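**Q** The following block contains a protein sequence and its predicted model.
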Amino acid sequence: MFTSEPYADVTAYVCLPKDVRPPHQFFICLQGHSTGMHNSIAVQLEDNTLPHQVKGDRDFGLECMRRGIAALCIEQRAFGERREQKQKRIASNRCHDAAMHALMLGRTLIGERVYDVDRGIDYLATRGDANMQSIGVMGNSGGGTISVFSAALLPRIALAMPSCYFCTFKDSLMSIYHCMDNYIPGLLKYAEMPDVMGLFAPKPVVLVAGRDDPIFPIKATRRAFKELHRIYTACGAQEHCHLVVGNEGHRFYADDAWPVMLKEIDMLRRNGMVG
């Protein structure tokens, strides 16, 4: 656990791969609208000593370690151990109260969650076993949301693998029902989603999507990717901009996405950025 700001303690798992010497390549792993970070290591929420079957390749921490990568699996605000537990009436969508409270304070839940990721990077810097030149971020759905905005806003992130979020705002948030924690007042007046993700250029990004995702339509995702690829091409980094499409719906696709990301990590390694 580390403290992000007053009254905001962040619970997290640190996952270190076996037989890999530091400094470690770390990915910050973010779950979306689910029961929380326990899914990243496939254990039960209430008893971490008991196994839990995780669907849709959302066991991000285990998947990282299988590939020799360390993981910091953060509990996002309003999910899992940080869910609302005290009010008499709790909304079925776990993010409702936290998102509304943030707006009352002149903030957004997206901003608060990105801030937690930034403080997580601060924590990694104190450990002494993290390669701070190659920090990655990944997550699915609500985790993909924060992966996009963290990559766009936090300069210490070197690699990004957002899943089942990248699309256009017009064809997703503005056309299909989504939870309120996806919204930033006024953003669409200034930028579409490729513009936001384009702030990460020229750093490597592997965008993951589902062919049959009902809330982030694949046709719009492909259009958005063309715009993002145009931004990366203007930066001379088109070879570092990837879209991976799985054959199902709203889930992560480890076998499709990780080979692409590992090639980018290998390139960083050859350039001396990864040990």
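**A** Perfect, thanks for sending it. None of the values given here were measured: they were computed from a predicted structure.
**Q** could I get stretch 235-243 in PDB with only the CA atoms?
**A** Extracted as PDB, the C-alpha positions of stretch 235-243 are listed here (Å, rounded to 0.1, in the frame of the first residue of the first chain):
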ATOM      1  CA  CYS A 235       6.600  11.800 -35.700                       C
ATOM      2  CA  GLY A 236       8.500   9.300 -37.800                       C
ATOM      3  CA  ALA A 237       7.400   6.500 -35.500                       C
ATOM      4  CA  GLN A 238       4.700   4.700 -37.400                       C
ATOM      5  CA  GLU A 239       6.400   1.300 -36.800                       C
ATOM      6  CA  HIS A 240       5.700   1.800 -33.000                       C
ATOM      7  CA  CYS A 241       1.900   2.200 -33.400                       C
ATOM      8  CA  HIS A 242       0.000  -1.100 -33.400                       C
ATOM      9  CA  LEU A 243      -3.600  -2.300 -33.400                       C
END
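**Q** mean confidence for it?
**A** For stretch 235-243, mean pLDDT rounds to 97.
**Q** again, but for stretch 3-19
**A** For stretch 3-19, the mean confidence score works out to 94.
**Q** buried set for it?
**A** When burial is assessed from 16 or more other Cβ atoms under 10 Å, stretch 3-19 yields the following buried residues: 4, 10, 12-15, 17. For glycine as for every other residue, the C-beta is placed from the backbone atoms N, C-alpha and C.
**Q** How far does that stretch sit from its chain's centre?
**A** Stretch 3-19 sits 15 Å away from the centroid of its parent chain (Cα atoms, centre = their mean, to the nearest Å).
**Q** Pull it out as CSV, backbone CA atoms only.
**A** The C-alpha trace of stretch 3-19 is given here as CSV (Å, rounded to 0.1, in the frame of the first residue of the first chain):
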residue,chain,number,x,y,z
THR,A,3,-0.6,6.9,-0.1
SER,A,4,-1.5,8.8,-3.2
GLU,A,5,-2.9,11.9,-1.5
PRO,A,6,-4.6,12.6,1.9
TYR,A,7,-7.4,10.1,2.5
ALA,A,8,-6.4,8.1,-0.7
ASP,A,9,-4.4,5.0,0.2
VAL,A,10,-3.7,2.8,-2.8
THR,A,11,-3.6,-1.0,-2.3
ALA,A,12,-1.5,-2.9,-4.9
TYR,A,13,0.2,-6.2,-5.6
VAL,A,14,3.9,-6.2,-6.5
CYS,A,15,4.6,-9.2,-8.8
LEU,A,16,8.2,-10.2,-9.5
PRO,A,17,9.1,-12.8,-12.1
LYS,A,18,11.0,-15.9,-10.9
ASP,A,19,14.7,-16.2,-11.8
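**Q** Can you show me the helices along the stretch 51-200 of the chain?
**A** Per DSSP state H, counting those that start in this stretch, the stretch 51-200 of the chain has helices spanning 60-66, 96-104, 109-127, 142-153, 193-198. These are given in chain order.
**Q** just the ones you listed: most buried one?
**A** Among the helices of the stretch 51-200 of the chain, ranked by average contacts under mean count of other Cβ atoms under 10 Å, first place goes to helix 142-153 (a mean of 26).
**Q** Show me what that helix is in contact with.
**A** Applying Cβ atoms under 8 Å, 6 or more residues apart in numbering, the contact partners of helix 142-153 are 28-33, 76, 79, 95, 110, 113-114, 117-118, 137-139, 157, 160-166, 179, 181-182, 193, 196-197, 199-200, 203, 205, 208.
**Q** Pass me the low-pLDDT residue ranges in the protein, would you?
**A** 90-92, 273-275 (pLDDT under 70).
**Q** hmm, what's the outermost residue in it?
**A** The centre of the chain is farthest from one residue, Lys88, which by Cα atoms, centre = their mean lies 30.9 Å away.
**Q** ok, that residue to Asp97 distance?
**A** Lys88 sits 12 Å away from Asp97, taking Cβ to Cβ, to the nearest Å as the criterion.
**Q** now swap in Asp47 and tell me
**A** Counting by Cβ to Cβ, the gap from Asp47 to Asp97 is 26 Å.
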